[in-house]
Each structure stands twice: as C-alpha cells, then as structure tokens.
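K.L.:
Sequence first, then the predicted structure:
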There are 2 protein chains.
Amino acid sequence: MELIMVFKALSNQTRINILVWLKHPHLHFPAEELQDYDPNLGVCVSDIKAKAGLSASTTSDYLSLLQKCGLLEATRVGQWTYFKRNEGAIETLNKLIKEAF
Amino acid sequence: MELIMVFKALSNQTRINILVWLKHPHLHFPAEELQDYDPNLGVCVSDIKAKAGLSASTTSDYLSLLQKCGLLEATRVGQWTYFKRNEGAIETLNKLIKEAF
DNA sequence: TCGGAATTTCGGAAAATAACGATATCTTTG
DNA sequence: CAAAGATATCGTTATTTTCCGAAATTCCGA
C-alpha cells in the first residue's frame, strides 16, 4: 500500500464519505436497498451512486480509485458490482500512519 | 482539524517527507545546519528548502500549507522562520483517522 | 540608513484532477 | 437473438494543484 496514493484517494470529501458509509451500511443506505445485504459483498454501485448524488461514471471512477489504492474490494455478481471496505488494508493504513508520522 | 485539509496536504510526496524529516531532524539534516538546533523551534526554511531541492517560494508554500492544516508550527526568530511538528495535532489526527475509518 | 539575506506573496504556465455525457461491455430476461 | 439494465471506459471541459521566478517584506549588521 502506497501512503501517497491513499492520501490522494482520501483528498476528496465524497470518497471519504464512501469509506464511512461502507463501515456501517445500515446507517447510511435505505433499508429497501439493503434488502439482501451481504457483508461479504458490500453495497452495489447504483446504491452508492444514489447516495453520493453523482453520475454513474464518476461514481465508478471513485470506487475503482479506492479499490486501486487498496481501501475497497470489489466483487462482481451478475450485472452488479459490489464494493466493501478492505478492513485489513485500513488497519495497515492506521499502522503505517502511526509509524510514519 | 479538518481531515480533508490534512489529506490534501499529505497528498504530495515532498510534504510527506517534510513531516518525516522533522520527526528526527538529526537523521535527515547535515549536522552543521543543526549546529544550535532547538527542539522548541525546529528547522528553518532554508535548511528544509535545501533538503527538498525546491525553490524558496515552493518551500514556503508547502510549509505554510502544512501549518494551516495544523500539522506544523512556525516560530519567527529574527530573519528566520523555524518549523516544527505539532505533535499534539498529529496524535489527534491518528485518533480521528482511527475513529472515522 | 543602506545592502543583503531569509522569507513571503503574487502571478502565471504546465500538469493533474474532477466530473460529466456518450459510448461500450457485460449480463439477464423475454 | 434482441432489449434493457448495471457498470466501465473514453474523451471532454472546467477547476485545482504544482512549482517557479519576480517582486515585496522583514530584519540584521555595517
């Protein structure tokens, strides 16, 4: 994990929000969208797009940026792509920050 | 402290480096420059400029950005401005990141 | 007070990022 | 196979960031 890539990814309020929303999806997404929510999968792009109020392309860009720097994991299931937090990477990040700074 | 401002400040390798250099100045700056180094003051702009290999204006910009977001503290002494880490703020940052993510 | 050194401020050119719509791809369903 | 929905990719314009040199400011010593 490259610290600078993570910081770039997090220097945008919406991307920070996405990471926070995905920590406890039930607190941030409408119940009907999480009908059959699976913690192993996460939340699909459209639900995140609706919550963020951004276009599909921007939402997709953001999610894949967060994925590229390791903070999110994606799983394709049929026509949907689900994103969830990579808790291991986030823990590593905390350690890295603690020891670097 | 605004998390997003901190992340923007840290999304630049030189600014990350400055923060690391200032953690243990003796490991990163020539001894003759730290002749009368005072932990309460830190390191002056010219020494940081020399280490970073940037122009005076850019160095000054970077340092004041790091100061504005709370990570550094500045003290003017005569014609020199010394910068040191704001350890309290950095600790707060660690906590914020830990609880936010 | 004058010159010079350290730093800051300002304006600008180049590079990077933001965010979109259009288009392409992939998948399911009729 | 065709159509429709979800997502990804691409090309674009607008905004932001990077980094500099020139000019301004501050301070010290002669």
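P.N.:
Right, received. Where do you want to start?
K.L.:
List the contacts of A:Asn17.
P.N.:
Listed by Cβ atoms under 8 Å, 6 or more residues apart in numbering or on different chains, the contact set of A:Asn17 reads A:Ala52. All C-beta spots, glycine's among them, are computed from the backbone N, C-alpha and C.
K.L.:
for it, helix, strand, or coil?
P.N.:
The three-state label given to A:Asn17 by DSSP: H, G, I helix; E, B strand; the rest coil is helix.
K.L.:
Going by residue numbers, what spans are helices in chain A?
P.N.:
Assigned by DSSP state H, chain A shows helices spanning A:3-9, A:13-21, A:25-28, A:45-52, A:56-68, A:87-100.
K.L.:
Dump the ones you listed to JSON lines, plus mean pLDDT.
P.N.:
Output for these, formatted as JSON lines (pLDDT from 0 to 100):
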{"stretch": "helix A:3-9", "mean pLDDT": "95"}
{"stretch": "helix A:13-21", "mean pLDDT": "96"}
{"stretch": "helix A:25-28", "mean pLDDT": "96"}
{"stretch": "helix A:45-52", "mean pLDDT": "96"}
{"stretch": "helix A:56-68", "mean pLDDT": "97"}
{"stretch": "helix A:87-100", "mean pLDDT": "92"}
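K.L.:
now these as a markdown table including distance to B:Trp21?
P.N.:
Formatted as a markdown table, these follow (distance: least, Cβ to Cβ, whole Å):
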| stretch | distance to B:Trp21 |
| --- | --- |
| helix A:3-9 | 15 |
| helix A:13-21 | 27 |
| helix A:25-28 | 39 |
| helix A:45-52 | 37 |
| helix A:56-68 | 28 |
| helix A:87-100 | 12 |
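K.L.:
can you list the residues of chain A near DNA strand D?
P.N.:
Selection of chain A residues close to DNA strand D by Cβ under 7 Å from any atom of the strand yields A:44-46, A:49, A:56-57, A:60-61, A:63-64, A:74, A:76, A:79-81.
K.L.:
hmm, 6 Å instead?
P.N.:
Contact residues, chain A versus DNA strand D (Cβ under 6 Å from any atom of the strand): A:44-46, A:56-57, A:60-61, A:63-64, A:74, A:79-81.
K.L.:
top of those residues by neighbour count?
P.N.:
For these, the largest neighbour count, defined by other Cβ atoms under 10 Å in any protein chain shown, is 21 neighbours, found at A:Leu63.
K.L.:
Check the burial of the nearest residue to it once chain neighbours are set aside by counting its neighbours.
P.N.:
In space, and not counting its chain neighbours, A:Leu63 is closest to A:Phe83: 5.4 Å by Cβ to Cβ, 6 or more residues apart in numbering or on different chains. Other residues within reach of A:Phe83, judged by other Cβ under 10 Å, total 24.
K.L.:
repeat for A:Glu99
P.N.:
Residues within reach of A:Glu99, counting by other Cβ under 10 Å, total 7.
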